[in-house]
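Q: Pasted the sequence and its predicted model underneath.
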Amino acid sequence: MAARRPDRRERFRGNEGCLEHKLATLISALSRAPTFEDAATVALEALLELADEAFASSPFAKRGRVLRGMVHLRPGDGYRRLVVVESRPDVSKASPTSMPSATAWRWISEHEAPVEIDVTLGTVDVGLTGEVALAHGEGAPNFDSKESRARLLQRDATHVLALPLRAPRGAIDGMISIEALCRAAMGRGPLFAACRDAAQVLAAVAAPYLCTLPLRPVEAAAPDEHLPVIGASMAGVIEMLRVFAQQEETVLLSGPTGAGKSRLARWCHEQSSKRGQSFETLDLSTVPEDLQMAELFGWKKGAFTGALKDTVGCIGRAEGGTLFIDEIDKLSLKAQAGMLRMLEERRYRPLGEGAGDRTAEVRFVIGTNADLYAEVRSGRFREDLYYRINVLPVKVPPLAERRDEIGRWAEYMLDRRHRAGGKPGEARLSLDAEHVLLAQPWPGNLRQLDNIVRRAYAFAQMDRSAAPEVLTLEARHIERALGYEAGGGPKSLLDLFQLTAAAFVAEAQRRRASGGSLDLDLVDALRGFVLGTAAHQLGSREEAFRLLGKEAIVQSRNHHKSLKREMDKVEALCNALGLADEKGRPFGALGDGEDR
């Protein structure tokens, strides 16, 4: 066995039966480790050496071998890092199928105790007591999945030992797993019985280092059309997603609204073997609960009121590709049961279809901005479904934690807006404007940033007296755009006029989309709104005209007719907008007679 261990593990040799020596050697190596990755490699080498020794003295010494070890750092809301050390020296790094066992993580997180899994039989020894339980059915939906078991066997893992990674504060922040190949040991009890106690001690000693050491900086990947900005703050997240994207297992993206989960889901699709196939999105926040099953699975004509023809659901449209289901916490309990069955069996039936199931050949990416485990505790989300989709979880940080990306995202959004408008030349973001953006808290994340850039771009367009080759967004444009955010408010009459104009144009676009229109002449109603407001505030029609520079109209006694004409324009606008009669004359009978 020693012949296949490379020199890097020589420090763990000697005194093979002496746990104290192994502990001293491990602690010495861990104390010199500068990063999590270094400490993870040291810990895995020690554990693999321990497992090798136990295996060599077991009845199965010549009928199997230890394969690999993994350290999974996943403190609650998502993976931070995954370090894999292969036992064979000719394997330079983990294969794409060397992914974590969702079953092991479920049992570790629920029981906070070591587990050993006999993959072939599907049995789990919780707490390493020697008493095993079948990991089938609703109690362990992840491992009951044929595809999950197939992936473990695909990488030759017939047995898995998983140890909790307990942080100094007591929380389970991950796990360490050791995989072995030994078909002869199937159903023969725990394979790692001879070393499991010592392995727990080594894992407990390594845990404080693994949970507190800084992560090694990851070089940011090159951006592409689907992910045009990748800063140092996101490099580690993207690296995890790059590995996860190559799997067939479900990816769970959690993070605040507007942080870019849908873009990352599309990026995962393009990085996967499904690229070139369909990519579908289902935002559950836009689907009523009674239609969720129909949107997912489709329906047959007559299945419910309004089902006028056969309709393919999102799963059917994504056949062979990827389906991104966002806001999964909005899924009703009834729909959760249907989705769980579909994920476990990879089969579904459209609503109203009499017999026969269809195969769901789809890769799922799930998004949420909620604390799903809190939803489980409150009874609003099924625990079995939670563990079924929490296979490869990744937390997407808010924009406020990615300040190195703010300037580049703003430049990308500005350039996209400029090119979409077909304007000549180019658009740039000034350094002062970038400083203003960096000073903001960005509670709305990338979505809010995009709105600000669009608004600032409109203001920059208004400032141009000519059409220069370069349009520059200055700090004043950004500040003015920020003034419209909640709590800011417009800061000038010009801002208010711009806001009114934007609202009028938006209404015109909405009407055109539905085949209607909004006549530009209706903008003349603004004069009536100004006059009516002044008359109400001053209590006098005459004083209103005098305030607004129309003294001559008052002197000629034409102000009554003039006011009535303006009030008629106000009424015409209200009628065009379809307002009720009582709102169609917002200033009452102001234009009907003289001051009272």
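A: Received it, and whenever you're ready, just let me know what you need. Numbers count the residues shown, from 1 in each chain.

Q: all strands for the stretch 251-400 of the chain, in order.
A: For the stretch 251-400 of the chain, applying DSSP state E, counting those that start in this stretch gives strands covering 251-254, 279-283, 298-299, 311-312, 322-326, 347-348, 358-359, 363-368, 392-395.

Q: could you dump those to CSV with distance to Phe545 and mean pLDDT?
A: Yep, even glycine has a C-beta here, placed from its N, CA and C like the rest. Supplementary listing: the strands of the stretch 251-400 of the chain in CSV, determined by distance: least, Cβ to Cβ, whole Å; pLDDT from 0 to 100:
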stretch, distance to Phe545, mean pLDDT
strand 251-254, 60, 96
strand 279-283, 52, 97
strand 298-299, 63, 91
strand 311-312, 61, 91
strand 322-326, 55, 97
strand 347-348, 70, 92
strand 358-359, 73, 91
strand 363-368, 58, 97
strand 392-395, 62, 93
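
Q: closest to Asp173 out of these?
A: strand 392-395 (13.1 Å; Cβ to Cβ).

Q: can you list the residues that contact that closest one?
A: Residues lying outside strand 392-395 but in contact with it, judged by Cβ atoms under 8 Å, 6 or more residues apart in numbering, are 74, 77-79, 99-100, 237, 240-241, 244, 247, 249-255.

Q: Give the next helix or strand downstream of it.
A: On the C-terminal side of strand 392-395, the closest following helix or strand by DSSP states H and E is helix 403-420.

Q: Output the contacting helices and strands for that next one.
A: Under the contact definition 3 or more Cβ pairs under 8 Å, 6 or more residues apart in numbering; DSSP states H and E, helix 403-420 sits against helix 232-245, strand 426-429, helix 431-438, helix 445-463.

Q: Go through it and flag the buried ones.
A: Under the neighbour-count criterion of 16 or more other Cβ atoms under 10 Å, helix 403-420 has 404-415, 417-418 buried.

Q: Pull the most distant pair out of those.
A: Asp404 and His418 (23.3 Å).

Q: what ranges do the helices span in the stretch 51-200 of the chain?
A: Along the stretch 51-200 of the chain, counting by DSSP state H, counting those that start in this stretch, helices occupy 102-111, 141-144, 146-154, 196-212.

Q: hang on, the earlier thing: as TSV, the helices and strands packed on helix 403-420 with mean neighbour count would be great.
A: Written out in TSV, the entries for the helices and strands packed on helix 403-420 read as follows (neighbours: other Cβ atoms under 10 Å):
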stretch	mean neighbour count
helix 232-245	19
strand 426-429	18
helix 431-438	16
helix 445-463	19
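
Q: Out of these, flag the one nearest Val205.
A: helix 232-245 (25.5 Å).

Q: helices or strands next to that closest one in the packing?
A: Under the contact criterion of 3+ Cβ pairs under 8 Å, 6+ apart, the helices and strands touching helix 232-245 comprise strand 81-86, strand 251-254, helix 261-271, strand 392-395, helix 403-420.

Q: For that helix, the averaged confidence score.
A: For helix 232-245, mean pLDDT is 92.

Q: domain ranges for the protein?
A: Per automatic domain parsing, the domain ranges recorded for the chain read 2-212, 241-397, 400-487, 520-584.

Q: what's the neighbour count on Val160?
A: Here the count is done by other Cβ atoms under 10 Å, and Val160 has 24 residues near it.

Q: who are the neighbours in contact with it?
A: Contacts were defined as Cβ under 8 Å, 6+ apart; by that measure Val160 touches Ser101, Ala104, Glu116, Ile117, Val119, Leu152, Ser177, Ile178, Glu179, Ala180.

Q: Now the fifth one, what are its backbone angles?
A: Here the main-chain torsion angles of Val119 (degrees, to the nearest 10) amount to phi -60, psi -40.

Q: That one touches Gln154, doesn't it?
A: No - assessed by Cβ atoms under 8 Å, Val119 is found out of contact with Gln154, at 10.6 Å.

Q: Between those two, which is the more surrounded one?
A: A direct count of neighbours by other Cβ under 10 Å for Val119 and Gln154 places Val119 higher, at 25 against 12.

Q: Name the residues of stretch 564-571 that come out as buried.
A: Within stretch 564-571, the residues that count as buried by 16+ other Cβ under 10 Å are Glu566, Met567, Lys569, Val570, Glu571.
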